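> my questions are about this predicted structure, shown below with the sequence.
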Amino acid sequence: MSESQKASTILASETRLQRNALSLSHIVATTLASIAPAMSFFFGFSVIVRGAGLAAPLTILAAMLVILFLTNTIAQFSRFTPSTGSFVTFTGKTFGPSIGAAVSVFLTFGYVVASSTVVAMAGVWISETLKLFLGLSFNWAILTVLISAGTGWLVMRGIGPSTVWSGVFFYFEAGLLILGSILMMATHPHFLNLSPFRFSNLSGGLAGLGAGFPLAVYLFIGWENSASLAEETENPRINVPRALITGTLAIGVFYIFLAYATTVGFSMNQRALGASQVPFIDGLRNSAPSLLAVAYVAGITSILGSLIGLVNSQSRILFNSGREGLLPAVLGKIHPQHQTPHSATWTFLAITVLLVLGFGLLDGVSPLNYFGFAGTLGTIPIIITYMLTNLALPVYVIRHHRSELDPFRHILLPAAGTLVMLVPLWGLVQPGQPWPYNVFPWAAFGVLALSMVYGILIARRSPGLAARIGAYVADQ
């Protein structure tokens, strides 16, 4: 082997993640874990009920259909150019380096803020569980740091072991939730009917559907995480699209099942459902109080599985942006032994933990309130990025794969997906919201403006940036 070939081999090993480390079942499981269905449903369903009423499951069904539009877009991009960079690569290759760099900053902001909700609940939920069932008292902030450090260590050790653990946590969580749901329905057999699926039970009609729609979309965030695992996935052009579609359908059906069981557990009492802070917990307490610990344990496994999955997927978007020069190069470093993006992993975790501890300890914001605040703020950039990626697909296919253009999949579905996403976006940014929600749109659009300035400047300073975006195709 010549010196130049040796140099190329060394360079490839320093910039490439571990190939063929994940199967289809691995990336489906870790994607479902990333969504954190237990925690998301526990704290989101009552808000959806307050808007939609007894027919809240219809709002979740509508959100699933909207996410499927987006699933088609990411699946199509992943067939053409599977990339760890995910949204950043897809928009950057379509609209140019300035947009790609801007999206890398804007999306990172959204993901970091939204993901910090899981970190916020990690310490406090485990602390409350230990106190309630074992009488042990632990400071939630200390637990938050310990859990985050343990997650970082596991993720750094390798994509295989960490993905397996996130899958184990998810399936354990799902089993416990299904058990709890069956118990609620078995305890209230006279209320097993189709009332939650009747449009006549939707409070305010379409307005009621729209009231809880933004939060219903938030329940699904994480559905796209398999795309950023493309470089480590076997046959990514086939398996990543399959994982995207399978995961979206599976989590949507699962949420609808949980929603139906919870309405049955409350004897179809809309007022009691809306008044409960955590309907699933209260429904299980009324139906099978001796098994209440099941729901709390499901919450713990939900947090742990989600944290592992989120850190794995979203640190890889950071890593790829650093590797391609969109963000600081230090983020693009790979652990020499484990082939994991260790710099991006610890950076991502450090920022999320600092956000939670800063607002919790210095500003006095409780973790539960932080969950609602950060979830709302972080969702705005994510939805805008979804919409931009939808717009990018037809442009990309026409420019680079015109012979494979399918008007339905590459034009009609992305256009429809962009339009329907205006509903949850408007719900998040509309005027007249109470403080601090009325400030979040301004904060998000301020970050967007700064991201655009950053993108323009970095593109001007790096003439070769356009060629580097998307240069690391997963299977090449």
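Here it is on my side, so go on. Everything numeric in this text was worked out from a predicted model, so none of it was measured.
> CA atoms for contacts and neighbours, from now on please.
Noted.
> what about the strands in the chain?
If you assign secondary structure with DSSP state E, the chain ends up with no strands.
> quick check, central residue of it?
In the chain, the C-alpha closest to the average C-alpha coordinate belongs to G222, at a distance of 2.2 Å (C-alpha atoms, centre = their mean).
> assess the claim that it and L310 are in contact.
Yes - A contact is recorded between G222 and L310 when judged using C-alpha atoms under 8 Å, the distance being 7.4 Å.
> hmm, back to that, for the spatially closest residue to the residue nearest to the centre of the chain that is not a sequence neighbour, which residues are in contact?
Distance criterion C-alpha to C-alpha, 6 or more residues apart in numbering; nearest residue to G222, sequence neighbours excluded, is I35 at 4.8 Å. I35 makes contacts with 219-223, 306, as judged by C-alpha atoms under 8 Å, 6 or more residues apart in numbering.
> compare these and tell me which is most surrounded.
Counting by other C-alpha atoms under 10 Å, S306 has the largest number of neighbours within those, with 30 neighbours.
> next, give phi and psi for the residue nearest to the centre of the chain.
Backbone torsions for G222, taken as degrees, to the nearest 10, come to phi 120, psi -10.
> could you check how far it is from A275?
Using C-alpha to C-alpha, to the nearest Å, one gets 28 Å for the distance from G222 to A275.
> cool, Q314 as well?
When distance is defined by C-alpha to C-alpha, Q314 is 35 Å away from A275.
> tell me which of those two has more neighbours.
When Q314 and A275 are compared on other C-alpha under 10 Å, the one with more neighbours turns out to be Q314, at 25 against 13.
> hang on, the more buried one packs against G110?
No - look at Q314 against G110 with C-alpha under 8 Å: they stay out of range, at 10.8 Å.
> what residue ranges in the stretch 251-400 of the chain score low on pLDDT?
Nowhere does the stretch 251-400 of the chain drop to pLDDT under 70.
> show me the helices in it, by range?
Taking DSSP state H, counting those that start in this stretch as the criterion, the stretch 251-400 of the chain carries its helices at 270-275, 279-287, 292-324, 342-357, 367-400.
> next: the stretch 1-150 of the chain.
Residue ranges of the helices in the stretch 1-150 of the chain, as given by DSSP H, counting those that start in this stretch, are 3-15, 24-35, 37-52, 56-80, 87-95, 97-134, 140-157.
> the ones you listed: lowest mean pLDDT?
The weakest mean pLDDT among the helices of the stretch 1-150 of the chain belongs to helix 3-15, with a mean of 44.
> distance of the closest residue in space to L377 that isn't next to it in sequence relative to P381?
Counting by C-alpha to C-alpha, 6+ apart, the nearest residue to L377 once its immediate chain neighbours are dropped is F440, at 5.5 Å. Using C-alpha to C-alpha, we find F440 at a distance of 11 Å from P381.
> give me the more crowded residue out of those two.
It is P381, of F440 and P381, that has more neighbours when counted by other C-alpha under 10 Å, with 26 against 20.
> now do the contacts for that one.
106-107, 109-110, 444, 448.
> one more: R16?
Applying C-alpha under 8 Å, 6+ apart, the residues near R16 are 334, 339.
> residue numbering should commence at 655 henceforth.
Sure, I'll start numbering at 655, so the last one becomes R670.
> please report phi then psi for it.
Reported as degrees, to the nearest 10, the phi and psi values for R670 are phi -110, psi 140.
> now do it, the pLDDT please.
According to the model, R670 scores 84 on pLDDT.
> tabulate the helices of the stretch 655-804 of the chain in a markdown table, adding columns for distance to Y1108.
Below are the helices of the stretch 655-804 of the chain laid out as a markdown table (distance: least, C-alpha to C-alpha, whole Å):
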| stretch | distance to Y1108 |
| --- | --- |
| helix 657-669 | 24 |
| helix 678-689 | 29 |
| helix 691-706 | 33 |
| helix 710-734 | 25 |
| helix 741-749 | 14 |
| helix 751-788 | 6 |
| helix 794-811 | 29 |
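> P1090: which of the ones you listed is closest?
Go through the helices of the stretch 655-804 of the chain one by one with C-alpha to C-alpha and the one that ends up closest to P1090 is helix 751-788, at 15.1 Å.
> can you give me the angle that closest one makes with helix 1021-1054?
Interaxial angle of helix 751-788 relative to helix 1021-1054 (axes from the mean of the first three to the mean of the last three C-alpha atoms, to 10 degrees): 150 degrees.
> for helix 751-788, packing partners?
Contact partners of helix 751-788 among helices and strands, from 3 or more C-alpha pairs under 8 Å, 6 or more residues apart in numbering; DSSP states H and E: helix 741-749, helix 794-811, helix 946-978, helix 996-1011, helix 1021-1054, helix 1094-1115.
> pretty sure A710 sits against S849.
No - contact criterion C-alpha under 8 Å: A710 and S849 do not qualify, at 10.4 Å.
> for P895, which non-adjacent residue is spatially closest?
Nearest non-adjacent residue to P895, counting by C-alpha to C-alpha, 6+ apart: A729, 4.3 Å away.
> these two touch, right, the one you found and T902?
No - judged on C-alpha under 8 Å, A729 makes no contact with T902 at a distance of 11.6 Å.
> give me the neighbour count for I910.
By the criterion of other C-alpha under 10 Å, I910 has 20 neighbours.
> report pLDDT for S656.
Predicted confidence (pLDDT) for S656: 41.
> actually A865, not the one I typed
Predicted confidence (pLDDT) for A865: 71.
> now swap in the one 4 residues further on and tell me
Looking at L869, its pLDDT reads 80.
> mind listing what it touches?
Residues in contact with L869 (C-alpha under 8 Å, 6+ apart) are 698, 701-702, 1078.
> of the helices of the stretch 655-804 of the chain, which approaches P1088 most closely?
Of all the helices of the stretch 655-804 of the chain, helix 691-706 sits nearest to P1088, with 15.2 Å by C-alpha to C-alpha.
> quick one: that closest one to helix 933-941, angle?
An angle of 90 degrees separates the directions of helix 691-706 and helix 933-941 when computed by the same axes, to 10 degrees.
> helix 691-706 to helix 946-978, inter-axis angle?
Following the same axes, to 10 degrees, one obtains 100 degrees for the angle between helix 691-706 and helix 946-978.
> need the contact partners of helix 691-706.
Applying C-alpha under 8 Å, 6+ apart, the external contacts of helix 691-706 come out as 709-710, 713, 827-828, 831, 856-859, 862-867, 869-870, 873, 905, 909, 913, 924, 927-935, 952-953, 956-957.
> please apply the same query to stretch 801-810.
Where contact means C-alpha under 8 Å, 6+ apart, the residues beyond stretch 801-810 that reach it are 773, 776-777, 815-816, 961-962, 965-966, 989, 992, 994-996, 999-1000, 1003, 1007.
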